[in-house]
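Engineer: Sharing a model prediction with you, sequence too.
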Amino acid sequence: MAGLLEQDRALARQRRVEQLEAAADRVTRALCRRLAELEEILVRRGRSPPGAMALRARAGSIESRPNGLLYNPFVSAAREAPPAVFASTHALEFRHNNPAAVVAAHQPLTDSAEPVVRAAALARLGRNPGKSGPQAQALQVHE
């Protein structure tokens, strides 16, 4: 009896999977048809539908039709602090799990002339007091 019940459940699961696959196929076909229609409009006729903007992304540039760009996703790479600056504090924080020592080691780096070092030190300084308990001190760093 248990074997028949398990077979029935397996069959029900299989039917559900088949139904989901059929639904996914219908959605895929509808999307493909719509994309083909848009391709016809954009490529073959050379114009965008009313109110639409066509974008062509290439390495390092974006072209738009009609002219105008709503959003440019290219962001210049941000500088980061040299890893060597935080090598010793990294070991204190992650290998030795000593938040108090990490806070003491980062404190002088918060006065660095280099903005990227100062920012990284403040971020590390803010997360370590919270690990050792004094939440108020961690919050003060970020004010």
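Structural biologist: Perfect, thanks for sending it.
Engineer: Please count neighbours and contacts with C-alpha atoms only from this point.
Structural biologist: OK.
Engineer: buried set for the helix or strand where residue 122 lies?
Structural biologist: Assigned by DSSP states H and E, residue 122 falls within helix 115-132. Residues 117-129 are the ones in helix 115-132 that count as buried (16 or more other CA atoms under 10 Å).
Engineer: Is residue 78 part of a helix or strand, or is it coil?
Structural biologist: Classification of residue 78 by DSSP: H, G, I helix; E, B strand; the rest coil places it in coil.
Engineer: Next, work out how far apart it and residue 26 are.
Structural biologist: Distance, residue 78 to residue 26, by CA to CA, to the nearest Å: 44 Å.
Engineer: if you count what's nearby, which of those two comes out ahead?
Structural biologist: Per other CA atoms under 10 Å, whichever of residue 78 and residue 26 has more neighbours is residue 26, with 12 against 7.
Engineer: Please name every helix or strand in contact with whatever helix or strand that one lives in.
Structural biologist: In the assignment (DSSP H and E), residue 26 maps to helix 2-39. With contacts defined as 3 or more CA pairs under 8 Å, 6 or more residues apart in numbering; DSSP states H and E, helix 2-39 has no helix or strand neighbours.
Engineer: and the next element down the chain from it?
Structural biologist: strand 54-58.
Engineer: Beyond that following strand, next helix or strand please.
Structural biologist: Where DSSP H and E defines the elements, the next helix or strand beyond strand 54-58 is strand 61-65.
Engineer: Which elements pack onto that following strand?
Structural biologist: Counting contacts by 3+ CA pairs under 8 Å, 6+ apart, strand 61-65 is packed against strand 54-58.
Engineer: Taking strand 61-65 as reference, get the angle to the strand it packs on.
Structural biologist: 160 degrees (axes from the mean of the first three to the mean of the last three CA atoms, to 10 degrees).
Engineer: which helices and strands does strand 54-58 pack with?
Structural biologist: Strand 54-58 is packed against strand 61-65, with contacts defined by 3+ CA pairs under 8 Å, 6+ apart.
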